[in-house]
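K.L.:
how would this look folded up:
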Amino acid sequence: MLIKKFYMLIFLGCLSHIAFAQDANALLQKVREKLNKVNDYEAAGIMKTNVSFLKVPEANVKVYFKKPDNLKIKNEHGISLVPKGAVSISLNNLLKGNYTALDAGNDVIDNRKVKIIKLLPLDENADIVLSTFYIDESRLLVMKAKTTTRENGSYEVEMSYGKYAEYALPDKVVFTFNTKDYKLPKGITFDYDDGSKKKTENNINNNKGKVEITYSSYIINKGVPDEVFK
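P.N.:
Here you go, the predicted model:
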């Protein structure tokens, strides 16, 4: 009798795991379908860069997207200081490919209950090692995503929504990254922080950098030329 109960508990545990996996995949599919409503967009906004050892001016930016995963940020100075890896990591990019989805419980972001789902790529050679999504189930919106990559470090993206929530397009995006993974474009220099506190290599490696983009408008599904992404 005890053996039967033991095997029954194992069986029920397996069923529970399968049910959680199905729920996670079903939720991701709904999020993907909402994201797929946008074929392309051109957005205008203001970008603020907060890197402790750099003085970077606030800039007006244009952000371009085109399916499947083309994303380009252009600012008034002709350069983008968003880390290379963060630019390539769009939600569309994170949700493509083959992966195992795991239900990791619940959390609260901005007073909204969110479901936590972890994605483990099945391709052992994939650049993305692990992605964690915090999803507002009622609105099918990704509120936050954490990503660990092999080549471009780890990133966290937080999003807040308003006018364009129907298209899963945020009013504000905040990229957070480790400054040790931050590299200036070749030939570009900026004024370094000349504060009294000495900036050692260890300080830089342990600091977090942040890039915020606050959007003022989107032009959605009107077509974006391929030349924009070259």
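K.L.:
pull the helix or strand with minimum mean pLDDT from the protein.
P.N.:
Counting by mean pLDDT, DSSP states H and E, the chain has its least confident helix or strand at helix 201-206, which shows a mean of 47.
K.L.:
Just the buried positions in stretch 31-44, please.
P.N.:
By 16 or more other C-beta atoms under 10 Å, the buried positions in stretch 31-44 come out as 31, 34-35, 38, 40-43. Just so you know, the C-beta spots here come from the backbone N, C-alpha and C atoms, and that holds for glycine as well.
K.L.:
Just the ones in strands from those residues, please.
P.N.:
Mapping the buried residues of stretch 31-44 onto strands (DSSP state E) picks out 40-43.
K.L.:
Serialize these to JSON lines and add fields for distance to Lys115 and pLDDT.
P.N.:
Shown next, in JSON lines, are those (distance: C-beta to C-beta, whole Å; pLDDT from 0 to 100):
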{"residue": "Asp40", "distance to Lys115": "28", "pLDDT": "95"}
{"residue": "Tyr41", "distance to Lys115": "26", "pLDDT": "95"}
{"residue": "Glu42", "distance to Lys115": "31", "pLDDT": "96"}
{"residue": "Ala43", "distance to Lys115": "27", "pLDDT": "95"}
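K.L.:
Can you tell me which of the residues you listed is nearest Asp23?
P.N.:
Set against Asp23, the nearest of these by C-beta to C-beta is Tyr41 (30.2 Å).
K.L.:
check contacts around the closest one.
P.N.:
63-65, 169, 218-221, 224 (C-beta atoms under 8 Å, 6 or more residues apart in numbering).
K.L.:
which residues of this structure fall in helices?
P.N.:
According to DSSP state H, the chain carries its helices in the segments 2-35, 84-88, 91-94, 201-206.
K.L.:
Now the two most distant members of the buried residues of stretch 31-44.
P.N.:
Val31 and Glu42 (22.9 Å).
K.L.:
What's the separation between the residue nearest to Ser217 when sequence neighbours are not counted and Asn60?
P.N.:
Among residues not flanking Ser217 along the chain, Ala44 sits closest, at 5.1 Å (C-beta to C-beta, 6 or more residues apart in numbering). From Ala44 across to Asn60, the span is 7 Å (C-beta to C-beta, to the nearest Å).
K.L.:
for Glu42, same thing?
P.N.:
Separation of Glu42 from Asn60 (C-beta to C-beta): 13 Å.
K.L.:
can you list residues touching both of the two?
P.N.:
By C-beta under 8 Å, 6+ apart, no residue touches both Glu42 and Asn60.
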